[in-house]
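Participant: predicted coordinates and the sequence they were generated for:
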Amino acid sequence: MPPRTLRLATRGSPLALIQVELVAAALEALSPGEVAVEAVTVETQADRRTSVPLHELGGRGIFVTEVEQAVLDGRADAAVHSAKDVPSAPGLSALEIVAVLERDDPRDCLVGSALGDLRPGARVATGAVRRRAQLAWLRPDLTFSELRGNLGTRLSKVPPGGAVVTAYAALKRLGAASKAATILSTTEMLPQVGQGTIVAAAPPGSDEVRSLLSPAHHGPSALALAAERAFLAAVGGGCDLPVGAYARSAGPGGPGRLGLEAMIASLDGHVVVRSSLEGPAEEAEELGRRVADVLLHERGGEGLLGGLLPLEPAP
């Protein structure tokens, strides 16, 4: 029987296309000869307007909406995204996550100068308010500049004597891991929700598509992602807010328990509050909501985010 063709919508950047290749490789390794993956490339507004800061474009869903429209229009069967780009609030996507690949390294890194080698006042380029806030907490002397474009473009714009910040997993996928001058621990910088994780999304009820993708689905990574996304949904934000989270298997129960650490910061990085909790892995979403509640209402996070959250709750 010939393999079933699975059309996967994606952005056209080199990194996005590699993500589709990784989905295809996982399927071939786990169900050889059963699925033939075809990439359907989509140019998004965020790709076209690279001079505009992400938070000014709207932050939530700017990398996924037009890609997902290709699925809704019938041009593709599912969309492939970096999980950190997928909105966590209900109602912001017409698709649902149907497969989560095994997570790669979630950490951030500096390209250019190492963190300890940056001179006082050195410039660090990044478009993420989360990264700026946490680096400002670590090094209040640093200055920051906006940075957009695909990863290759960003790596070509290292400020003299400074650095750019990127996800270490992205460097690895492009074969450029050696360019990392500093890999920041999660103690130094908590990652964006879902960083290092690739997901596939399809319309609700797409049972055949879910079945075709199921060999590539990694349960532990899916539980960690569920906890992180529940935290972000409870906070009410996305990549436009100075928040981060990281979930992983923890505790004496091993894979049966999940630990989640999260943070909320002021935009200037003068204040950073963190909280971490553990719970049963099957209660991942509840764990995310509990951590959000602690940070928002017990650690002062609600005040830090004042004026940054939408006036009306997301639908």
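Facilitator: Yes, it's here.
Participant: low-confidence bits of the stretch 51-200 of the chain, can you list those?
Facilitator: Along the stretch 51-200 of the chain, the model assigns pLDDT under 70 to residues 51-62.
Participant: show me the contacts for the nearest residue to Met189 once chain neighbours are set aside.
Facilitator: Nearest residue to Met189 in three dimensions, chain neighbours excluded: Gln134, at 4.5 Å (C-beta to C-beta, 6 or more residues apart in numbering). For the C-beta atoms, the positions are set from N, CA and C on the backbone; glycine is no exception. Listed by C-beta atoms under 8 Å, 6 or more residues apart in numbering, the contact partners of Gln134 are 188-190, 242, 244, 263, 265, 269, 272.
Participant: which one of those residues is nearest Ser93?
Facilitator: Of all the contacts of Gln134, Ser93 sits closest to Gly244, with 21.2 Å by C-beta to C-beta.
Participant: so the closest one is in contact with Val193, correct?
Facilitator: Yes: Gly244 is within contact range of Val193, at 7.3 Å (criterion: C-beta atoms under 8 Å).
Participant: from the contacts of Gln134, which two are the most distant?
Facilitator: Checked with C-beta to C-beta, the contacts of Gln134 reach their widest spread between Glu188 and Pro242, with 15.0 Å between them.
Participant: comparing these two, which residue is more hemmed in?
Facilitator: Set Glu188 next to Pro242 and count neighbours by other C-beta atoms under 10 Å: Pro242 wins out with 26 against 15.
Participant: contact partners for that one?
Facilitator: Applying C-beta under 8 Å, 6+ apart, we find Pro242 in contact with 129-130, 132-134, 264-267, 269, 304, 308.
Participant: now Val209
Facilitator: Listed by C-beta under 8 Å, 6+ apart, the contact set of Val209 reads 6, 77-78, 98, 202.
Participant: let me know the pLDDT of it.
Facilitator: pLDDT, Val209: 97.
Participant: could you list the buried residues of stretch 32-46?
Facilitator: Buried residues in stretch 32-46, defined by neighbour count with 16 or more other C-beta atoms under 10 Å: 35, 37, 39-42, 44, 46.
Participant: tell me where this structure has strands.
Facilitator: Using DSSP state E, the strands of the chain run over 4-11, 35-42, 78-82, 96-100, 108-112, 123-125, 143-145, 163-167, 180-183, 198-202, 243-249, 257-265, 272-280.
Participant: compute the inter-axis angle for the last one and strand 257-265.
Facilitator: What it means is strand 272-280. Using axes from the mean of the first three to the mean of the last three C-alpha atoms, to 10 degrees, the inter-axis angle of strand 272-280 relative to strand 257-265 is 160 degrees.
Participant: so what strands line up beside strand 272-280?
Facilitator: strand 257-265 (antiparallel) (DSSP bridges).
Participant: now the fifth one
Facilitator: Each strand paired with strand 108-112, and its direction, by DSSP bridges: strand 163-167 (antiparallel), strand 180-183 (antiparallel).
Participant: out of those, deepest packed?
Facilitator: Mean neighbour count (mean count of other C-beta atoms under 10 Å) peaks for strand 163-167 among the strands paired with strand 108-112, with a mean of 25.
Participant: which residues touch the most centrally placed residue in the chain?
Facilitator: The centroid of the chain falls nearest to Lys84 when counting by C-alpha atoms, centre = their mean (1.8 Å). With contact taken as C-beta under 8 Å, 6+ apart, Lys84 is in contact with 167, 191-195, 197, 239.
Participant: rerun at 6 Å
Facilitator: Lys84 makes contacts with 192, 194-195, as judged by C-beta atoms under 6 Å, 6 or more residues apart in numbering.
Participant: in JSON lines, list the strands of the chain along with distance to Ser156.
Facilitator: Shown next, in JSON lines, are the strands of the chain (distance: least, C-beta to C-beta, whole Å):
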{"stretch": "strand 4-11", "distance to Ser156": "19"}
{"stretch": "strand 35-42", "distance to Ser156": "22"}
{"stretch": "strand 78-82", "distance to Ser156": "21"}
{"stretch": "strand 96-100", "distance to Ser156": "32"}
{"stretch": "strand 108-112", "distance to Ser156": "10"}
{"stretch": "strand 123-125", "distance to Ser156": "11"}
{"stretch": "strand 143-145", "distance to Ser156": "14"}
{"stretch": "strand 163-167", "distance to Ser156": "9"}
{"stretch": "strand 180-183", "distance to Ser156": "15"}
{"stretch": "strand 198-202", "distance to Ser156": "25"}
{"stretch": "strand 243-249", "distance to Ser156": "26"}
{"stretch": "strand 257-265", "distance to Ser156": "29"}
{"stretch": "strand 272-280", "distance to Ser156": "31"}
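Participant: Ala292 is nearest to which of those?
Facilitator: strand 257-265 (7.2 Å).
Participant: any idea how far the closest one is from the chain center?
Facilitator: Offset of strand 257-265 from its chain centre (C-alpha atoms, centre = their mean, to the nearest Å): 15 Å.
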